[in-house]
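[1] Could you look at this predicted model? Sequence included:
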Amino acid sequence: MAWLYLTLAGIFEVIWASAMKESHGFTRLIPSVITIFFMLMSFGLLAYAMKSLPLGTAYTVWVGIGAVGAFIVGVTLFGEALNMMRVIAAGLIISGVVLLKLATK
């Protein structure tokens with residue numbers, strides 16, 4: 001179950017990061033509320049997952065899901081640049097997360 005909680009925490013990180021961008025520096029109410037809600041949910045699930053997963057693995061997987069997820073949202077919803085170097089960088093993050101998962105018992 002810890003891996004499920006960690007995955008959800010990472011997905012919620014993508015949601016709060018995206019909402020934070022839309023909050024325009026916390027000047028828009030609804031995106032600001034969404035940011036804070038999903039931030040709390042993400043941190044809570046991460047903390048719960050860390051009860052049974054190693055710190056380094058849990059935190060890195062959480063950040064990796066958030067980073068790659070935010071990259072995908074940025075490209076698809078916010079029109080951010082997509083080039084080979086950025087794709088390779090995202091692929092390296094995914095590779096590192098997979099290797100950490102495989103290395104954790």
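    It's in.

[2] drop to CA atoms for contacts and neighbour counts, all remaining ones
    Will do.

[3] okay, and the helix or strand of this structure with the least pLDDT?
    Here the helix or strand of the chain ranked lowest by mean pLDDT, DSSP states H and E is helix 84-103, holding a mean of 92.

[4] quick one: contacts of that one?
    Contacts to helix 84-103, defined as Cα atoms under 8 Å, 6 or more residues apart in numbering, come from residues 57, 60, 61, 64, 67, 68, 71.

[5] ok, of those residues, which come out buried?
    57, 60, 61, 64, 67, 68, 71 (16 or more other Cα atoms under 10 Å).

[6] where's the residue with the largest distance to the centre of the chain, which helix or strand?
    Most distant residue from the mean C-alpha position of the chain: residue 27, 22.9 Å away (Cα atoms, centre = their mean). Using DSSP states H and E, residue 27 falls within no helix or strand.

[7] pLDDT score for it?
    We note a pLDDT of 97 for residue 27 in this prediction.

[8] Would you report the backbone torsion angles of it?
    Backbone torsions for residue 27, taken as degrees, to the nearest 10, come to phi -100, psi -10.

[9] sorry, back to before: including secondary structure, could the buried ones among the contacts of helix 84-103 go into CSV?
    Converted to CSV, the buried ones among the contacts of helix 84-103 look like this (DSSP: H, G, I helix; E, B strand; the rest coil):
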residue, secondary structure
57, helix
60, helix
61, helix
64, helix
67, helix
68, helix
71, helix
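
[10] contact partners of stretch 29-43?
    Outside stretch 29-43, the residues that touch it by Cα under 8 Å, 6+ apart are 8-13, 15-20, 22-23, 26.
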